Each structure stands twice: as structure tokens, then as C-alpha cells.
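1. This is the structure alone, sequence omitted:
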């Protein structure tokens, strides 16, 4: 009798082992953290639920997608991602069912392990009206400059500092640096008009979102005066230069418009031998090709600047280049 009981128990145990395993959970995932290589690919995310669920990203991303935003019961979704040519990047997939939440974090490695981003100036003087300053930068963030973000650091009346993320959502009128956008070789930041009746200064701290932990902090001091835009080229109106290929600066007597590159237009009468003209803090940077034509040549150029407040400034200059 005892042997029969044991035999029946074994049969019941074996029968239970043959049944398929079922996850009877309100909401769960197989993995909450998944590491991806820098190459493009896709991976499955297993979801366990006892009803309807939805899936969304923690933030908008352009480098990844999911094949569905909802499902039912135990199921999966496919996370597809592009190749990464920059720093490591990360995004979360939030699974929701009623009031329940669970998140799967996707981290993709990248070839840039030491991010670099260096502003070419550390001091930016601005005039009193609103506008957008453009500052050149150098570094290795060709494919991931959007990972750079900025804080505006203001000094309060009691001498303490207040650090505010510059994301366009700040409504405090005393926070006068209003926007920020980074590109691989330059960044832009917007400022409100200065109606305070006095010069004001803030620091712009540039940093980077890097899930592997390697980061940087770069500071640019922004000073906004109470005066209007000013710009004046040399009164002589022309300059003579040698026949060799060269880069030089036409120095200005006054120049508070150089950060506002988007607001200026430079027109060359004949641009074929003048390869680059742009504004720098000291004035106009000019690059000339070698003059081997056998004749002296001259280039007439004009600059027009229009501020956001409608102020118009113009300037003209003639470059004369001798020949060999």
C-alpha cells in the first residue's frame, strides 16, 4: 500500500512538471537593464502581465524605436536601435498597467569614451536687447552634440549662487539666459532684454549627459550691458595686404555685435579669392588666397547687422592685395 502511494505521488509530480510555466504577475519584465553594442541592431523585451499594458519611452529619441506601444498578457516587444558613433547613450522603456509601472533601461555603448567640448571664448559681452549669441567650439562630439546641455549660474543678492537648467521651460523673469542649443562646432544661447538699468553677469556652465560617467564642465561668463549695439570698422575704409595666402583680422574700434552671428550678413563683391570672412571678438577675420594673377586686385565687402529690436548697423571695407 505504501509503495502504491509513493508511485501515485511520483506520477502526480511528473504530470505537474509537464505543464507549461506561467507567469502569474500583474506586471513585470524579464530584465530591467540591457547593454547594447555600438552597432545597429534590435533586441526583445519580455513583458509579463495579467492584462493590457502600454509601453512608452522615458524621453523622445531619434536613435531607437519600439515595434508596438501596447500589448496584452505575457508578450514581448522589439527595441530597434541605430549605430552609435558618439558617446554612450541611454533611454528607458516604461511599461504601464493601470497604476503599475516597470522600466527597462537600454544603454548603448559608443566609440567616444572621453568627450571633449571647448568653447573658443570664456567671456561673452552682450548689449542690452534680447537676442541669440553664437559661440564657436571645438571637440569630438560630431555625432552627439545634443548630449551637451547648460546651466545658468546666477549670483543672488545675498552672494549665494543659483544654478538653473537652461531648457526653455523656466518662467522666472530674473533668469535672463533663456535658451541653449549645442551643435558640433558651436552653441547658441538666448538672452532677454536688459531693462534692469545696470550691467548684469551670469555664468553659463556647459556639461554633458554621459551614462558611463565621463563628463566635463566648461564655463563661459556672460555679461549683458545696458548700452545699445556698437560696431565700427577702421575709418580709413581699406587695407593693403601682400600676395601670399593669409588670414588676418580687420580690427574694430567698437564691437559688441560679434556674438550675434545669426543676425549679420556679409556680402563680398567677388568672393572667388576671399575664402572665409566671419566675425571674431577682435573684428572681421579674413582669409585670402595667394595672388598669382600678375595684377593687383581688390575686394569690396559690406556688413549689415539687424538686432532683434530692429537696430541696424552697417559697415564697408575694401581689401587690396598686391601680386607677385
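-> Looks like it arrived, so ask away. What you see is a predicted model; the values in this text were computed from it and never measured.
2. give me the low-pLDDT residue ranges for this structure?
-> Low-confidence segments of the chain (pLDDT under 70): 1-24.
3. residues contacting residue 50?
-> By CB atoms under 8 Å, 6 or more residues apart in numbering, the residues touching residue 50 are 24, 25, 26, 27, 73. Placement of C-beta: from N, CA and C, glycine included.
4. Swap in 6 Å and give it another go.
-> Residues counted as contacts of residue 50 (CB atoms under 6 Å, 6 or more residues apart in numbering) are residue 26.
5. cool, residue 301 as well?
-> Contacts for residue 301 (CB under 6 Å, 6+ apart) come out as 268, 317.
6. In three-state terms, label it for me.
-> strand (DSSP: H, G, I helix; E, B strand; the rest coil).
7. Helices of the protein, start to end?
-> Along the chain, counting by DSSP state H, helices occupy 2-18.
8. Tell me how it divides into domains.
-> The record's domain parsing of the chain by automatic domain parsing lists 25-108, 117-224, 231-321.
9. first vs last residue of the second one, how far apart are they?
-> End-to-end distance of domain 117-224 (CA to CA, to the nearest Å): 24 Å.
10. from the middle of its chain, how far away would it be?
-> Chain-centre distance of domain 117-224: 11 Å, with CA atoms, centre = their mean, to the nearest Å.
11. and what of stretch 97-116?
-> 18 Å.
12. From start to finish, how long is it in a straight line?
-> One end of stretch 97-116 sits 42 Å from the other (CA to CA).
13. got a list of contacts for that stretch?
-> Here stretch 97-116 makes contact (CB under 6 Å, 6+ apart) with 26-27, 29, 32-36, 38, 45, 49, 53, 81, 84, 86-95, 139-140, 208, 211, 214.
14. For it, buried residues please.
-> For stretch 97-116, burial by neighbour count (16 or more other CB atoms under 10 Å) applies to 97, 102, 104, 106, 108, 109, 110, 112, 115.
15. And the last one, how far from residue 323?
-> Distance, residue 115 to residue 323, using CB to CB, to the nearest Å: 47 Å.
16. leaving aside the residues next to it on the chain, what's closest to residue 245?
-> For residue 245, ignoring the flanking residues on the chain, the nearest one in space by CB to CB, 6 or more residues apart in numbering is residue 290 at 4.4 Å.
17. Looks like the one you found contacts residue 241 (just checking).
-> No - between residue 290 and residue 241 no contact is recorded; they are 11.3 Å apart, counting by CB atoms under 6 Å.
18. Pull up the overlap in contacts between those two.
-> If you check residue 290 and residue 241 against CB under 6 Å, 6+ apart, no residue is contacted by both.
19. give the contact list for residue 130.
-> Residue 130 touches 192, 193, 308, counting by CB under 6 Å, 6+ apart.
20. The first one - how many residues pack around it?
-> When neighbours are counted by other CB atoms under 10 Å, residue 192 registers 15.
21. ditto for residue 37
-> Using other CB under 10 Å, residue 37 has 12 neighbouring residues.
22. bridging residues for residue 151?
-> Here residue 151 sits in beta bridges with residue 165, residue 205, as judged by DSSP bridges.
23. what's near enough to touch residue 322?
-> Residue 322 touches 242, 243, 296, counting by CB under 6 Å, 6+ apart.
24. neighbours around the second one, how many?
-> Which is residue 243. For residue 243, the neighbour count with other CB under 10 Å is 17.
25. Would you confirm that it contacts residue 323?
-> Yes - the criterion here is CB under 6 Å, and residue 243 meets it with residue 323 at 5.2 Å.
26. Between the two, which contacts overlap?
-> With CB under 6 Å, 6+ apart as the test, residue 243 and residue 323 both reach residue 291.
27. need the strands for the stretch 201-324 of the chain, in chain order.
-> 218-224, 231-232, 238-241, 246-251, 254-255, 264-268, 274-280, 283-288, 297-306, 312-321 (DSSP state E, counting those that start in this stretch).
28. Residue 52 reaches residue 71, doesn't it?
-> No - judged on CB under 6 Å, residue 52 makes no contact with residue 71 at a distance of 7.5 Å.
29. ok, the closest residue to residue 294 other than its chain neighbours - contacts?
-> Take residue 294 and drop its neighbours on the chain: the residue closest to it by CB to CB, 6+ apart is residue 323, 5.7 Å away. By CB under 6 Å, 6+ apart, the residues touching residue 323 are 243, 291, 293, 294, 295, 296.
30. Give me the neighbour count for the fourth one.
-> The number of residues packed around residue 294, counting by other CB under 10 Å, is 7.
31. now swap in the second one and tell me
-> Burial measure for residue 291: 19 neighbouring residues, criterion other CB under 10 Å.
32. give me every residue that touches the nearest residue to it once chain neighbours are set aside.
-> Closest residue to residue 291 apart from its sequence neighbours, by CB to CB, 6+ apart: residue 243 at 4.3 Å. Contacts here follow CB under 6 Å, 6+ apart; on that basis residue 243 touches 291, 322, 323, 324.
33. quick revisit: now the buried members of the contacts of stretch 97-116.
-> With burial judged by 16+ other CB under 10 Å, the buried subset of the contacts of stretch 97-116 is 27, 29, 34, 36, 38, 45, 49, 53, 81, 84, 86-93, 95, 139, 208, 211.
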